[in-house]
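>>> return atomic coordinates for the entry below.
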Amino acid sequence: MLDIAMQNKAKSLLSPSRRGNVPPFMVMDVMAAAARIEAAGGHVIHMEVGQPAAPAPRTAIAAAQAALEAGRLDYTSALGIPSLRRRISAYYRQVHAQDVDPDRIVVTTGSSGGFVLAFLSLFEPGDRVAVTVPGYPPYRHILTALGCEPVLIETTAESRHALTGEMLLAVHAKTPLKGVLVASPANPTGTMMTREALAGLIAAADSAGIRFISDEIYHGLDYAFPATTAAGLSPDALVINSFSKYFCMTGWRVGWMVVPEPLIRAVETLQQNLAISVPTLSQIAAQAAFDGTAEMDVIKNGYQDNRRVLIDGLPKAGLDRFLPADGAFYLYADVSKFTSDSFDFARRMLEEAYVAATPGIDFDPIHGHSFVRFSYAGSTPDTAEAVKRVAEWLRH
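Just a heads-up that it's a prediction; the model follows:
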């Protein structure tokens, strides 16, 4: 009896907090299910996770190897290695013709670390922060865990599934917002905003005192037109980027922020306490990655080939409605003619066709039951094989 009482007490003591009770990032569950099929001998084509199949640039790998051979790897400044911050600043001059002071650049543990630092430095518990749906799930999950309230704004085909200033101000007029987060190119839609559209949205946010966060993690992977950085449109915009996507460095967990000057010290002290610093080896590799852009552009060309395979092949398979795929490496397909349950659709496609994709409900709790996201970050032969498998599966 005592043992049972002690067990019950232990369970009550170890129950998760309300802040820890956030939904799972469903794509990780799909990956786990795919791994079980592969462990049993099945050949799964992975289109569920936004992870490049290619390795990091050779320049990055060589720099990391040299650093390991040199021996000791110490902590760095909480803001990041100064030479890396200067190299990121040079990137803005070279790619965007924009001067960004290296003092405003903060190296982070991937973009995920940047979101945590951004939300903690910008918002108080209870603040309302707008995010679009469909959109990247951890935006709203991290906000919830930090005690903020994510406000979902539905996008439509009329705006090419991008947020407009009018949409933002309409929501703000009903109940005031403290912030808004947008991505261009966006996940899962692949939608991009033109310079004019992004400038208009930022101006609308500024006029209403709404703090603006720009997720630019897919910059470099633009096909319809060149991506625009918010860093060139407002000194008050907070920009988050990463080496994970264009530079194929997901597992290295290194990214960066461009921080408005008044927030630099707050972000620095948060980083000191939360992480001390970003892994030194990853920072060394990241700096060298900028010398591997020619190699990465070849990889980007492969994504463009994959994109064409999907845009041409999926309609023939029966999936003839999808959102703009201007950039990134995703195609967000409407599966409503086949199902009203995207989770079950993705489960069956994995189990029966051995093609792993992510159910739209992960990205959009309102309409996501009608969509599935395909990532085309793998090889072109695998992408073509996936289309073939999906077509055969849907015919049966």
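>>> ok, now which ones touch Arg307?
Shown in contact with Arg307 (CB atoms under 8 Å, 6 or more residues apart in numbering): 223, 325, 329, 331, 376. C-beta: built from backbone N, CA, C; applies to glycine.
>>> quick one: pLDDT of it?
Arg307 carries a pLDDT value of 97.
>>> quick one: low-confidence residue ranges for the stretch 1-150 of the chain.
Residues of the stretch 1-150 of the chain meeting the criterion pLDDT under 70: 1-2, 5-14, 25.
>>> show me the strands in it, by range?
Along the stretch 1-150 of the chain, the stretches classed as strands by DSSP state E, counting those that start in this stretch are 45-46, 105-108, 128-133, 149-154.
>>> what's the most buried one of the ones you listed?
strand 105-108 (a mean of 27; mean count of other CB atoms under 10 Å).
>>> helices or strands up against that one?
helix 82-96, helix 110-122, strand 255-258, helix 264-274 (3 or more CB pairs under 8 Å, 6 or more residues apart in numbering; DSSP states H and E).
>>> winner for burial among those?
Highest mean neighbour count among those (mean count of other CB under 10 Å): strand 255-258, a mean of 27.
>>> now that strand: mean pLDDT?
98.
>>> what lies in contact with that strand?
Against strand 255-258 from outside (CB under 8 Å, 6+ apart): 80, 85, 88, 92, 100, 104-114, 117-118, 217, 231, 237-244, 267.
>>> strands paired with it, and their directions?
strand 105-108 (antiparallel), strand 238-242 (antiparallel) (DSSP bridges).
>>> and the contacts of the longest one?
The set of residues external to strand 238-242 that reach it, using CB under 8 Å, 6+ apart, is 108, 110-111, 114-115, 118, 122, 211-217, 219, 229-231, 254-260, 263.
>>> may I have it as CSV, with CA atoms only?
Presented in CSV, the C-alpha positions along strand 238-242 are these (Å, rounded to 0.1, in the frame of the first residue of the first chain):
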residue,chain,number,x,y,z
LEU,A,238,14.4,41.3,-36.2
VAL,A,239,15.8,38.8,-38.8
ILE,A,240,16.4,35.1,-38.2
ASN,A,241,18.4,33.0,-40.6
SER,A,242,20.3,29.7,-40.6
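>>> run the chain-centre distance for that strand.
11 Å (CA atoms, centre = their mean, to the nearest Å).
>>> angle of it against helix 264-274?
With axes from the mean of the first three to the mean of the last three CA atoms, to 10 degrees defining the directions, strand 238-242 sits at 40 degrees from helix 264-274.
>>> what's the average pLDDT for strand 238-242?
Here the average pLDDT along strand 238-242 is 98.
>>> now do it against helix 110-122, angle only.
Using the same axes, to 10 degrees, strand 238-242 lies at 160 degrees relative to helix 110-122.
>>> now do the contacts for Leu270.
Going by CB under 8 Å, 6+ apart, the list of residues near Leu270 reads 117, 120-121.
>>> so can I have TSV of the residues you listed showing distance to Val298?
Shown next, in TSV, are these (distance: CB to CB, whole Å):
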residue	distance to Val298
Leu117	33
Leu120	38
Ser121	37
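>>> picking up where we left off before, could you dump the strands paired with strand 255-258 into JSON lines and include distance to Ser17?
Output for those, formatted as JSON lines (distance: least, CB to CB, whole Å):
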{"stretch": "strand 105-108", "distance to Ser17": "25"}
{"stretch": "strand 238-242", "distance to Ser17": "26"}
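>>> and the ones you listed: which comes nearest Pro137?
With CB to CB as the measure, strand 238-242 is the member of the strands paired with strand 255-258 nearest Pro137 (15.9 Å).
>>> any idea how this structure splits into domains?
Domain ranges of the chain: 18-55+294-395, 58-292, per automatic domain parsing.
>>> with distance to Asp3 added, can I get the ones you listed in a markdown table?
Shown next, in a markdown table, are these (distance: least, CB to CB, whole Å):
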| stretch | distance to Asp3 |
| --- | --- |
| domain 18-55+294-395 | 27 |
| domain 58-292 | 34 |
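>>> among the ones you listed, which comes closest to Ile4?
domain 18-55+294-395 (25.7 Å).
>>> ok now that closest one, how far from the chain's centre?
15 Å.
>>> and it, end to end?
Domain 18-55+294-395 has an end-to-end distance of 45 Å (CA to CA, to the nearest Å).
>>> going forward, begin numbering at 347 instead of 1
Done: numbering now begins at 347, and the last item shifts to domain 364-401+640-741.
>>> follow-up on the earlier one: out of the strands of the stretch 347-496 of the chain, nearest to Ala379?
The nearest among the strands of the stretch 347-496 of the chain, by CB to CB, is strand 391-392 at 11.4 Å.
>>> same for that closest one, what does it pack against?
strand 701-702, helix 726-741.
>>> who's in contact with it?
By CB under 8 Å, 6+ apart, strand 391-392 touches 377, 380, 700-702, 721, 724, 728, 731-732, 735.
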